[in-house]
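1. sequence-free structure coming up:
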């Protein structure tokens, strides 16, 4: 196991607190491995004996069709009589009513609870009902660029990070694809399996979607338009032009289901003058850039928007709330806020000349505040400063600790 301190250390800060630790994220992003890392830390660093560490994986056939009452009885029977029991419940959403079980255990016994899940039932209203004020949520993402370099370093020589960035964008960051030197085709085969299992298990089967072909058309449209602003109506109009009629409400419903399965992230526009979130023409980004290429095939023309996707995910990993900045005259790729901090980011695959650099910076210069402003690129013009706006190579930004 390759240690992922971004998540493990954050979660460990809440050990022995009265909160249920809920760990969510897209399928195969590493949640189960993080549970194992947490258990190992409890054993080795805190001296917790094995009999007080209990784990169950509920997507196993062993627990198929298990009821909440059966789940409660089994877990109750495993509680230690000699001190606090640490319960690790993986893919717990597979048991209907798990929220009641977790709430009862947390209220009635001396336990410390950690649960994972991969779909919307982990963030449903039932959790708010039964665990109000008693849980903390941690979202796990696929590998960051820094983690990707660390994983790759276990089996191959890692080159210059600026050169490695192209591989990271193309191959993505699902941990399973970077445990050994897989070919591009092998990586996309693994990712397609993750995509298919998410679509059919977490969306089609769970929501009883009958017209799977319609759902897949919506998926392909969103994957093709990463980084572009659009609405449910945009998709509906496009499909209508293709003689595939689909009403706005159905499109909206599909987009919501893709979000709840963590395949998509919705990035709303923020009015820089009015200081409010706009309700129309949002952008969507993927949980991992490899999803796009595994479904649609690799296309070098899509690299610019994939770089934007990578920067967006990195800002989320670092705890920022991210929006698209919108004014009447221009748009900023990302306005990222975290408590009292704010960062403005413009992403351009290539600048190529001082004239283009001036144009990219001009939008940021229109913003009259003193928060940090960045133009990110992959060419030789990175690494400068233009009237207080920092120009950085995207690889350097992803690995930076400055923001």
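-> Nice, I can see it. Computed from a predicted model, the values in this text were never measured in an experiment.
2. now do the SS call for residue 209.
-> coil (DSSP: H, G, I helix; E, B strand; the rest coil).
3. what about the residue nearest to residue 402 when sequence neighbours are not counted, distance to residue 311?
-> If the residues on either side of it in the chain are set aside, residue 402 comes closest to residue 372, at 8.0 Å by C-beta to C-beta, 6 or more residues apart in numbering. For every residue, glycine as well, the C-beta is placed using N, CA and C. According to C-beta to C-beta, to the nearest Å, residue 372 and residue 311 sit 14 Å apart.
4. these two: which has the busier surroundings?
-> residue 311 (23 against 15; other C-beta atoms under 10 Å).
5. residue 309: what's it in contact with?
-> 226-227, 285-286, 289 (C-beta atoms under 8 Å, 6 or more residues apart in numbering).
6. for residue 289, which non-adjacent residue is closest in space?
-> Closest residue in space to residue 289, ignoring its immediate chain neighbours: residue 306 at 4.5 Å, by C-beta to C-beta, 6+ apart.
7. which element, helix or strand, includes the one you found?
-> Here residue 306, judged by DSSP states H and E, is contained in helix 303-317.
8. for the record, mean pLDDT for that helix?
-> For helix 303-317, mean pLDDT is 97.
9. next SSE downstream of that helix?
-> Using DSSP H and E, the next helix or strand after helix 303-317 towards the C-terminus is strand 321-326.
10. for that following strand, which positions count as buried?
-> Buried residues in strand 321-326, defined by neighbour count with 16 or more other C-beta atoms under 10 Å: 322-326.
11. pull out the buried positions in the next helix or strand after that strand.
-> Moving toward the C-terminus from strand 321-326, the next helix or strand (DSSP H and E) is strand 331-338. When burial is assessed from 16+ other C-beta under 10 Å, strand 331-338 yields the following buried residues: 332-336.
12. now swap in stretch 336-346 and tell me
-> So, applying 16+ other C-beta under 10 Å, buried residues of stretch 336-346: 336, 342-346.
13. ok, those residues vs residue 240, which is closest?
-> Using C-beta to C-beta, residue 346 is the member of the buried residues of stretch 336-346 that lies nearest residue 240, at 34.1 Å.
14. local confidence estimate at the closest one?
-> 95.
15. who does the one helix or strand it maps to touch, helix- and strand-wise?
-> Assigned by DSSP H and E, residue 346 belongs to strand 341-347. Applying 3 or more C-beta pairs under 8 Å, 6 or more residues apart in numbering; DSSP states H and E, one finds that strand 341-347 makes contact with helix 303-317, strand 331-338, helix 354-365, strand 373-377.
16. would TSV of the ones you listed with distance to residue 114 be doable?
-> As requested, the helices and strands packed on strand 341-347 are arranged in TSV below (distance: least, C-beta to C-beta, whole Å):
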stretch	distance to residue 114
helix 303-317	20
strand 331-338	25
helix 354-365	42
strand 373-377	36
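17. so which of those comes closest to residue 59?
-> Using C-beta to C-beta, the helices and strands packed on strand 341-347 put helix 303-317 closest to residue 59, at 25.0 Å.
18. give me the angle between the closest one and strand 373-377.
-> 140 degrees (axes from the mean of the first three to the mean of the last three C-alpha atoms, to 10 degrees).
19. grab the nearest non-local neighbour of residue 21.
-> That would be residue 114: by C-beta to C-beta, 6+ apart, it lies 4.6 Å from residue 21.
20. quick one: pLDDT of the one you found?
-> Predicted confidence (pLDDT) for residue 114: 97.
21. on the strand side of things, show who it bridges to.
-> Using DSSP bridges, the bridge partners assigned to residue 114 are residue 21, residue 88.
22. quick one, what contacts it?
-> Counted by C-beta under 8 Å, 6+ apart, residue 114 has contacts 11, 20-21, 23, 35, 38, 86-89.
23. closest to residue 257 out of those residues?
-> residue 23 (21.1 Å).
24. tell me which element that closest one is part of?
-> Going by DSSP H and E, residue 23 is part of strand 20-24.
25. and that strand, how far from the chain's centre?
-> Its chain's C-alpha centre and that of strand 20-24 lie 14 Å apart, by C-alpha atoms, centre = their mean, to the nearest Å.
26. how about residue 96, secondary structure?
-> Applying three-state DSSP: residue 96 is coil.
27. dump the residue contacts of it.
-> Applying C-beta under 8 Å, 6+ apart, we find residue 96 in contact with 67-68.
28. rewinding a little: buried subset of the contacts of residue 114 as a ChimeraX selection?
-> Selection of the buried residues among these in ChimeraX, burial being defined by 16+ other C-beta under 10 Å:
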select :11,20,21,23,35,38,86,87,88,89
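29. can I get the contacts of residue 114 in a markdown table including distance to residue 193 and pLDDT?
-> A markdown table is the format used below for the contacts of residue 114 (distance: C-beta to C-beta, whole Å; pLDDT from 0 to 100):
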| residue | distance to residue 193 | pLDDT |
| --- | --- | --- |
| 11 | 28 | 98 |
| 20 | 31 | 95 |
| 21 | 28 | 95 |
| 23 | 22 | 94 |
| 35 | 22 | 97 |
| 38 | 26 | 98 |
| 86 | 32 | 98 |
| 87 | 30 | 98 |
| 88 | 25 | 98 |
| 89 | 24 | 97 |
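30. and which of the contacts of residue 114 is nearest residue 131?
-> Proximity of the contacts of residue 114 to residue 131, judged by C-beta to C-beta, is greatest for residue 20, which lies at 5.9 Å.
31. if I pick the closest one, what's in contact with it?
-> Shown in contact with residue 20 (C-beta under 8 Å, 6+ apart): 102, 106, 113-115, 131, 134-136.
32. switch to 7 Å and redo it
-> Contact analysis of residue 20 by C-beta atoms under 7 Å, 6 or more residues apart in numbering lists 102, 106, 113, 115, 131, 134-135.
33. residue 342: what's it in contact with?
-> 336, 371.
34. so, low pLDDT: which residues of the stretch 51-200 of the chain?
-> 119-126, 128 (pLDDT under 70).
35. for it, which segments count as strands?
-> All strands of the stretch 51-200 of the chain, identified by DSSP state E, counting those that start in this stretch, fall at 53-57, 85-90, 111-117, 135-139.
36. which of those sits closest to residue 216?
-> strand 111-117 (24.0 Å).
37. ramachandran angles for the spatially closest residue to residue 277 that is not a sequence neighbour?
-> With sequence-adjacent residues excluded and distances taken as C-beta to C-beta, 6+ apart, residue 277 is closest to residue 268, at 5.1 Å. Here is the backbone geometry of residue 268 (degrees, to the nearest 10): phi -80, psi 160.
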